[in-house]
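Visitor: Prediction below, plus the sequence it came from.
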Number of protein chains: 2
Amino acid sequence: MLSGSCIYGLRAAIYVAAHTSNDSYVSIREISEKLGISFHFLTKILQRLTEGGVMKSHRGPGGGVTLARPAARISILEIVEILDGPDIFRSCILGLPGCGELQPCPLHKEWSQYRERLRSMFGRSTLSRLAGKVSEGRLRLADVPGK
Amino acid sequence: MLSGSCIYGLRAAIYVAAHTSNDSYVSIREISEKLGISFHFLTKILQRLTEGGVMKSHRGPGGGVTLARPAARISILEIVEILDGPDIFRSCILGLPGCGELQPCPLHKEWSQYRERLRSMFGRSTLSRLAGKVSEGRLRLADVPGK
DNA sequence: CCTAATTCAGATTAATCAGTCTTAAATTAA
DNA sequence: TTAATTTAAGACTGATTAATCTGAATTAGG
Ligand code: FES
Ligand code: FES
């Protein structure tokens, strides 16, 4: 469903939202260790989120990344569209070009409906709500829960 | 969402359902040309569908593949699970192991709901209904509609 | 029996994605 | 100014998937 990069980016973003307060920076090294993601790989993914306007970064001691906006105004839809491209919510389930514009495929009616629901569900899921769940509840972001 | 092989397999299966009557065989060459899919690649995909019990094949002149059962009793869910594995409707959206068994991730509640809806939608979509749409309506299975 | 048509099987290549490694640039603090 | 810390950038390797190619096995028809 989602690419590996996208999954890592989402988990990292939720982690940052849950572990940052008033614009403090979290180092990529810490995120990679806590979530069990390769450091260098994660660096590139977070760079793309920074370019995409979801995060901002700072170099040097005490640096790292943090959210570019309040977590309540960042949806996972935005992150998914940055990392996997905006077409995953627009493309044909049978891989045919021009879904919605040209002749539909036999699954178009059902699929486009479902696709739109998933999109809006992603749009409603903000980082603050997800991070809140992680902080308060008994939810996990990594295989071995390292808090 | 679905792998390339799976998309090809679905389109081919719908094509067969729409172009076969009372157990006549359709050659893989014909399917590959009409749908614009590499012949040898499609051969392997249809082999897996044959092993999976969805199709049966016959060699020699006049041979080819055909559905192993009436099209009304083959759902695209079955095809997807053969070609992409049964886990795509069971796995965590954040890629964590043990979805539904271990601690849930922050998106589990929403995701597992939509996942189940998609699964049942696929289960309700039989080859006969889809092939019917293709035959009667103005729907397409290939980029350049070659009937 | 012979030939053409066809699926089956395996090896090989190409492309994409995931992950690693090395070095540079920026920043902070002593 | 120097050293330590951190992200940025790019080259490189490895794994998985997609696609191609070659040849064998099976079958129908003359
Ligand atoms: S044309 Fe296939 S889903 Fe829209
Ligand atoms: S644990 Fe993530 S979707 Fe179930």
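Guide: Structure's in. What do you need? What you see is a predicted model; the values in this text were computed from it and never measured. Numbering: from 1, shown residues only, chains lettered A, B, ... in the order given. Ligands and ions are numbered 1, 2, ... in the order given.
Visitor: Only C-alpha atoms from now on, for both contacts and neighbour counts.
Guide: Will do.
Visitor: quick one: contacts of the worst-scoring helix or strand of chain A on mean pLDDT?
Guide: Each helix and strand of chain A was given a mean pLDDT (mean pLDDT, DSSP states H and E); the minimum falls on helix A:127-136 at a mean of 93. Contact partners of helix A:127-136, identified using Cα atoms under 8 Å, 6 or more residues apart in numbering or on different chains, comprise A:13-15, A:17-18, A:71-76, A:139-141, B:106-107.
Visitor: Show me how far stretch A:107-127 is from its chain's centre.
Guide: Chain-centre distance of stretch A:107-127: 16 Å, with Cα atoms, centre = their mean, to the nearest Å.
Visitor: Report the buried residues of that stretch.
Guide: Using 16 or more other Cα atoms under 10 Å in any protein chain shown as the test for burial, stretch A:107-127 gives A:107-108, A:111-112, A:114-115, A:118-119, A:121-122, A:125-127.
Visitor: still on that earlier bit, put the alpha carbons of the least confident helix or strand of chain A into PDB.
Guide: This file holds the C-alpha atoms of helix A:127-136, laid out as PDB (Å, rounded to 0.1, in the frame of the first residue of the first chain):
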ATOM      1  CA  LEU A 127       0.000  14.400  13.700                       C
ATOM      2  CA  SER A 128      -1.300  15.900  17.000                       C
ATOM      3  CA  ARG A 129      -4.100  13.300  17.200                       C
ATOM      4  CA  LEU A 130      -1.800  10.400  16.400                       C
ATOM      5  CA  ALA A 131       1.000  11.600  18.700                       C
ATOM      6  CA  GLY A 132      -1.500  12.100  21.400                       C
ATOM      7  CA  LYS A 133      -2.500   8.500  21.100                       C
ATOM      8  CA  VAL A 134       1.100   7.400  21.300                       C
ATOM      9  CA  SER A 135       1.800   9.500  24.400                       C
ATOM     10  CA  GLU A 136      -1.200   8.700  26.400                       C
END
